[in-house]
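Asks: okay, predicted coordinates and the sequence, questions at the end:
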Amino acid sequence: MKILVTYFSKTGNTLAVAEAIRDALQQEDTEIKPIKEVESVEGYSLIFCGFPVHAHSVPVAVHNFIKRLKSGQKLALFSTHGAKTDGQMPKQAVHQAVGLAKGLEVIDSFTCRGQVEQEIIDDLMNKPEHRAWAMEAASAKSHPDEADLADARVFARGVLKKALKFEDFNKK
Ligand SMILES: Cc1cc2nc3c(=O)[nH]c(=O)nc-3n(C[C@H](O)[C@H](O)[C@H](O)COP(=O)(O)O)c2cc1C
């Protein structure tokens, strides 16, 4: 099975998760590349696609990438975000990404926290109405950490197992 791990990452958090996923797959036929370097999506049966949550949403480059995928391709989504994992905010963006993936087999999704750029935190701290969010964002410092990356590896192996089952089923 040809696998692509692709990501959009401005400051390296989503890249770190993408690398953990690639390492966990231990499959020879796995390529990892930034979204902007993916010329063709043909031939990949399983695609892991990762992004940082930007303004509660999926970044435009990722939106456009998901739209390029072909019906029947299997997709696993992952994202990083400053907000706490148990809140609604991170789920919103993943739901949005799943909504874009019409006709695709979305196998699973994974999210974890990612350190937020200091410049953004400083900016938010100066606006009283955003101070609570600024404090929350600041607490994402040190993420993704080892535990997050271990969870990402478990996610990747689970996705692979499910994808292989799908392939067997379709062959019968
Ligand atoms: C322009 C911008 C908007 C962001 N908006 C959100 C947001 O709405 N919710 C959130 O939880 N984190 C938000 N973040 C934080 C990032 O999602 C988080 O730091 C992420 O891990 C960055 O990933 P990267 O290093 O791969 O770019 C935002 C960051 C930036 C730069």
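Replies: Arrived safely, thanks for sending. Numbering: from 1, shown residues only.

Asks: can you count the residues close to whichever residue of the chain sits closest to the ligand?
Replies: When distances are taken as CB to the nearest ligand atom, the chain reaches nearest to the ligand at Gly114, 2.0 Å away. In short, each C-beta sits where N, CA and C put it, glycine included. When neighbours are counted by other CB atoms under 10 Å, Gly114 registers 26.

Asks: please apply the same query to Lys70.
Replies: With other CB under 10 Å as criterion, Lys70 counts 11.

Asks: how close does it sit to Val41?
Replies: Counting by CB to CB, to the nearest Å, the separation of Lys70 from Val41 is 7 Å.

Asks: repeat for Gly99
Replies: As judged by CB to CB, Gly99 and Val41 stand 19 Å apart.

Asks: neighbour count for the two, which is higher?
Replies: Applying other CB under 10 Å to Gly99 and Val41 shows that Val41 carries more neighbours, namely 15 against 11.

Asks: isn't the more buried one right up against Ser71?
Replies: No. Between Val41 and Ser71 there is no contact under CB atoms under 8 Å: 11.7 Å.

Asks: secondary structure class for Phe51?
Replies: The local conformation at Phe51, judged by DSSP: H, G, I helix; E, B strand; the rest coil, is strand.

Asks: give me every residue that touches it.
Replies: Contact partners of Phe51, counting by CB atoms under 8 Å, 6 or more residues apart in numbering, are Tyr7, Phe8, Ser9, Thr14, Val58, Pro59, Val62, Phe78, Ser79, Ala93, Ala97.

Asks: one more: Ser71?
Replies: Counting by CB under 8 Å, 6+ apart, Ser71 touches Gly103, Leu104.

Asks: check which element follows the one helix or strand Ala97 maps to along the chain.
Replies: Applying DSSP states H and E as the criterion places Ala97 in helix 89-100. With elements assigned by DSSP H and E, the helix or strand that comes after helix 89-100 is strand 105-113.

Asks: determine the three-state secondary structure at the closest residue to Ala134 other than its chain neighbours.
Replies: In this structure, Ala134 finds its nearest non-sequential neighbour in Leu124, 3.6 Å apart by CB to CB, 6 or more residues apart in numbering. Secondary structure, three-state DSSP: Leu124 is helix.

Asks: Leu124 contacts Gln118, doesn't it?
Replies: No. With contacts counted by CB under 8 Å, Leu124 stays clear of Gln118, the gap being 10.7 Å.

Asks: neighbour count winner among the two?
Replies: Taking other CB under 10 Å, Leu124 and Gln118 do not tie; Leu124 has more neighbours (20 against 11).

Asks: tell me the confidence at the more buried one?
Replies: On the pLDDT scale, Leu124 is placed at 93.

Asks: ok, it - contacts?
Replies: Residues in contact with Leu124 (CB under 8 Å, 6+ apart) are His130, Arg131, Trp133, Ala134, Ala137.
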